[in-house]
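Trainee: A structural model of the following input is requested.
(one chain, ligands or ions: 1)
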Amino acid sequence: MKLGVCWYPEQWPEPLWASDVQRMAALGLSFVRIGEFAWSRIEPEPGQFDWDWLDRAVDLSHAAGLEVVMGTPTATPPKWLVDAHPEILAKGRDGQVRGFGSRRHYCFSSDVYLEQAKRITALMADRYGRHPAVVAWQTDNEYGCHDTVVSTSDAAKAAFRRWLAARYGNVAALNTAWGLAFWSQEYRSFDEVDAPFGTVTESHPAHRLDWQRFSSAMVERFNAAQVEILRAASPGRDIVHNFMGLFTEFDHYAVGRQLDVATWDSYPIGFLGQGPFSAADKARYLRTGHPDLTAFHHSLYRACGQGRWWVIEQQPGPVNWAAWNPAPAKGAVELWGWEAVAFGAERMSWFRWRQAPTGQEAMHAGLNRPDNQPAAAWPEVKALAAGLAALGPLPERGRSDVALVFDYDSVWAVQSQPQGRDQDALATAMTWHTAARRLGLSVDIVASDADFSGYALVLLPGQIVLDAALAQRLAQSGATVLAGPRTGSKTRDFAIPATLPPDGLQALIDVTVARVESLPPGIVLAAGNGGQVTGWMEDVEASAAVETRLALDDGRGLWFAHDKAHYLAGHTDDGLLRRILIDVAVAAGLHPRDLGPDVRIERRGALHFLFNYGPQAVAIEERVVIGSKLVPPAGVAIWKDEAP
Ligand code: GAL
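Mentor: Take a look at the predicted model:
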């Protein structure tokens, strides 16, 4: 795995640059990511270019032996461009223009902006596309950051109407698919359809779902345009984009298919406060991040990149953008690095080389302090680089035993009609992922169109649309299947299935969801085995065996099983979910064992990695090659399979 850093030479006096790149190389770094916000320096006036400084920065990097990942600067259209074309600006759900003065102010649906983005991309690709230092391109920066996927500009509304026409053919088909006879919502033409915001009460859920699908398609369109230019002008270079954590506003699998590599920006502590975790967990993991959050995204983006993925931004210290910004525990920066190694990242780079003294991110740590002295992360970066060198060539990561299906459309479906205020498909998927990892199971996150062959166990925490093809792939895989509540609960057009949920899955197990209820926080239904159901519970009619019921007089079935298929009809507490998962995993031929809340183990070929996210040291017996037998808090131990 190559280590690198995000470098912003345009923000620093040029006399610093030469020592910057030399110190990077001396630290063990081998690449820089540059350029992704530099439009106003590249094209200070319309049509007037200043490439010299960037030429020098790229050449200096090259001379120091550093590879370059070049970003296209389209996340930050400069002031002159915005003033000349104010129509490129996005509008919020409230119809307000999102103005100049930060970043990501453009609207994905704007054809005017798309042409500008193509223009600057083509110019950069022509200039640097064949430079020997340039090994990869990053398109734009963090599509959707700061809530920027959805725009209600005129361009977006027009594009939505075209998207609807392409999807439904004629407006009568739209009226039927959405069921618009309800409340006299029928349209006479696609031109009458607006954005689904600003209505008196909730807007039509199918309208909202399709708006999100459309908005996602606009991100795909925008990215595809840059990819096409870069492919032509910069042969042999990887094209990447940097995805975010806890972010589901567009279909990352679809964008990922356009790329060579999926990368993501990993801020374990920044994300902790935003994640679906208990207050106790937020306190316990304050300085390390949650034990499974980073792993979840490593797995997810590995799937989005069809096996190829990087961490392009890694947290080096306190960030600036969370509600509170604690410092990492001693060791955490190195631990996050080893975690990326364990999951098979090809590259990892820290954000950023040096903390900036000015601007929105002046409080964000870098590998260097603003005075250019090494910051706290420095020795940990050094240790990681030395450890990697000591380990030598790394084995393949390989396929995990468990596949967990995660699907963006399901997230939007639940958002479009939650039926319980706190329903959240991402949170549910993360809860199941945590349950499996705590049991020592290795988990791949996969798309709903994945090939499941080779997996012992497939988890479907909440696959809202489950069509016959998916059901068939599940059945043919021979895997044991555990599906959660709301699985197969809607058709693609967002209707309740004719035979009631779980649509599709009924081919594998005879269960019918006759009624659902959602429950406010604090309401607990006691289940068998001393477990609890909270938030969501279904009434299921079934010929399948009932493995667990709600306790006492209620007696509703909770866990149903038939052959290799299992259906769970409610959201359970973590302990009960684990107990069910243990039985299902054992039935699938796996060997689950509870590692407790803090310790996680991953395997990469013959290498085993133990991560201690907890506050206490952990003693192990293995003969470690990295770390020690007493693994400290925020510590890592690595051992190898003994040769046979
Ligand atoms: C990322 C972004 C970077 C920087 C960083 C700060 O979301 O891509 O440009 O803002 O966060 O943590």
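Trainee: Could you give the number of residues near whatever residue of the stretch 301-450 of the chain ends up closest to the ligand?
Mentor: The nearest approach of the stretch 301-450 of the chain to the ligand comes at residue 319, 4.6 Å away (CB to the nearest ligand atom). Where you see a C-beta, it was placed from the backbone N, CA and C, and this is true even at glycine. When neighbours are counted by other CB atoms under 10 Å, residue 319 registers 18.
Trainee: Contact partners for it?
Mentor: Residues near residue 319 by CB atoms under 8 Å, 6 or more residues apart in numbering: 267, 269-270, 325, 364-365.
Trainee: Max pairwise distance over those: which two?
Mentor: With distances taken as CB to CB, the most widely separated pair in these is 269 and 364, at 12.0 Å.
Trainee: what residues do the two have in common as contacts?
Mentor: Common neighbours of residue 269 and residue 364 (CB under 8 Å, 6+ apart) are 318-319.
Trainee: So for the two, which sits in the more crowded spot?
Mentor: With neighbours defined as other CB under 10 Å, residue 269 and residue 364 compare such that residue 269 has more, 25 against 21.
Trainee: quick one: contacts for the residue lying closest to the more buried one once chain neighbours are set aside?
Mentor: Nearest residue to residue 269 in three dimensions, chain neighbours excluded: residue 289, at 5.2 Å (CB to CB, 6 or more residues apart in numbering). Contact analysis of residue 289 by CB under 8 Å, 6+ apart lists 268-269, 271-272, 332, 336, 613.
Trainee: Ok, residue 378 next?
Mentor: Counting by CB under 8 Å, 6+ apart, residue 378 has contacts 27, 367-368.
Trainee: Turn the residues you listed into a markdown table, including distance to the ligand and pLDDT.
Mentor: As requested, the contacts of residue 378 are arranged in a markdown table below (distance: CB to the nearest ligand atom, whole Å; pLDDT from 0 to 100):
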| residue | distance to the ligand | pLDDT |
| --- | --- | --- |
| 27 | 20 | 98 |
| 367 | 13 | 98 |
| 368 | 16 | 98 |
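Trainee: what helices or strands is the longest helix anywhere in the chain leaning on?
Mentor: Longest helix in the chain, counting residues (DSSP state H): helix 205-233. Applying 3 or more CB pairs under 8 Å, 6 or more residues apart in numbering; DSSP states H and E, one finds that helix 205-233 contacts helix 111-128, helix 154-168, helix 171-178, strand 238-243, helix 252-258, helix 408-416.
Trainee: Pick the most buried one from the ones you listed.
Mentor: strand 238-243 (a mean of 24; mean count of other CB atoms under 10 Å).
Trainee: What strands flank that strand, and is each parallel or antiparallel?
Mentor: strand 134-138 (parallel), strand 261-266 (parallel) (DSSP bridges).
Trainee: wait, which of those is closest to the ligand?
Mentor: The nearest among the strands paired with strand 238-243, by CB to the nearest ligand atom, is strand 261-266 at 4.8 Å.
Trainee: Looks like residue 241 contacts residue 259 (just checking).
Mentor: Yes. The pair residue 241 / residue 259 is scored as a contact, 5.8 Å apart, by CB atoms under 8 Å.
Trainee: shared neighbours of those two, which are they?
Mentor: By the contact definition CB under 8 Å, 6+ apart, residue 241 and residue 259 are jointly contacted by 139, 223.
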